[in-house]
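Trainee: build me a model:
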Amino acid sequence: MIISTKGRYALRMMIDLAENSDGAYVPMKEIAARQELSLKYLERIIPSLTQNNIVEGQHGKGGGYRLTRAPEEYTVGEILRLTEGNLAPVACLECGAEPCERADECRTLSMWKELHGLINGFFDGITIKDLMRSNANASKKAELSFLDASL
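Mentor: Take a look at the predicted model:
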């Protein structure tokens, strides 16, 4: 599993909105400048976020984008699944995948299922608020508590 630039940039955009909006709309060009990202690339990511009510936009003067919920209500897993499709480590566990004809005899399927659960649990245990500057240590705490729980 590799997280693409789409997923990574979506997270950076969400963190930037959380840190810089204070309820106001933030122009996409400001986010692109602060994050040193291509405005054109961000404009390709934003439709999936607005269509899924992750952010809301407003056109015209004073327009831009803002979060629809508090930063602690967004998980990294939610954003990554939205932008990446899913976080399955193997094709047979992807959403909508045809059942494998060897599933009953597959000696590795349970291992892949467990890894899939660990990946989703890990990312679902970290919020956008955890990744904000003032909460950088909270992310590490979430990672450690997840690892303790899985042992």
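Trainee: phi, psi for the residue lying farthest from the centre of the chain please.
Mentor: Within the chain, residue 105 marks the point farthest from the mean C-alpha position, 34.0 Å out by CA atoms, centre = their mean. Residue 105 adopts backbone torsions of phi -110, psi 0, taken as degrees, to the nearest 10.
Trainee: with residue 57 instead?
Mentor: Backbone torsions of residue 57, given as degrees, to the nearest 10, read phi -120, psi 160.
Trainee: confidence score at it?
Mentor: Looking at residue 57, its pLDDT reads 95.
Trainee: this protein: helices as residue ranges?
Mentor: Using DSSP state H, the helices found in the chain span residues 5-20, 28-35, 39-51, 76-84, 109-124, 128-131, 136-150.
Trainee: of all the ones you listed, which one comes closest to residue 64?
Mentor: Of all the helices of the chain, helix 28-35 sits nearest to residue 64, with 6.4 Å by CB to CB. Backbone N, C-alpha and C define where each C-beta goes, glycine included.
Trainee: which of the residues in that closest one are buried?
Mentor: Within helix 28-35, the residues that count as buried by 16 or more other CB atoms under 10 Å are 28, 31, 32.
Trainee: quick one: the residue most central in space within the chain from residue 104, how far?
Mentor: Residue closest to the average C-alpha location in the chain (CA atoms, centre = their mean): residue 79, at 2.5 Å. Note on residue 79: its distance to residue 104, by CB to CB, to the nearest Å, is 35 Å.
Trainee: tell me the domain ranges of the chain?
Mentor: By the assignment in automatic domain parsing, the chain contains the domains 5-67, 87-150.
Trainee: pLDDT value on the residue farthest from the centre of the chain, please?
Mentor: Residue 105 is assigned 91 on the pLDDT scale.
Trainee: how close does it sit to residue 85?
Mentor: According to CB to CB, residue 105 and residue 85 sit 28 Å apart.
Trainee: cool, residue 11 as well?
Mentor: Computed with CB to CB, the distance linking residue 11 and residue 85 is 15 Å.
Trainee: could you report the neighbour count for residue 27?
Mentor: Residue 27 is flanked by 13 other residues according to other CB atoms under 10 Å.
Trainee: so for it, what's the nearest residue that isn't a sequence neighbour?
Mentor: Using CB to CB, 6 or more residues apart in numbering and skipping residues adjacent in sequence, the residue nearest residue 27 is residue 64, 4.1 Å away.
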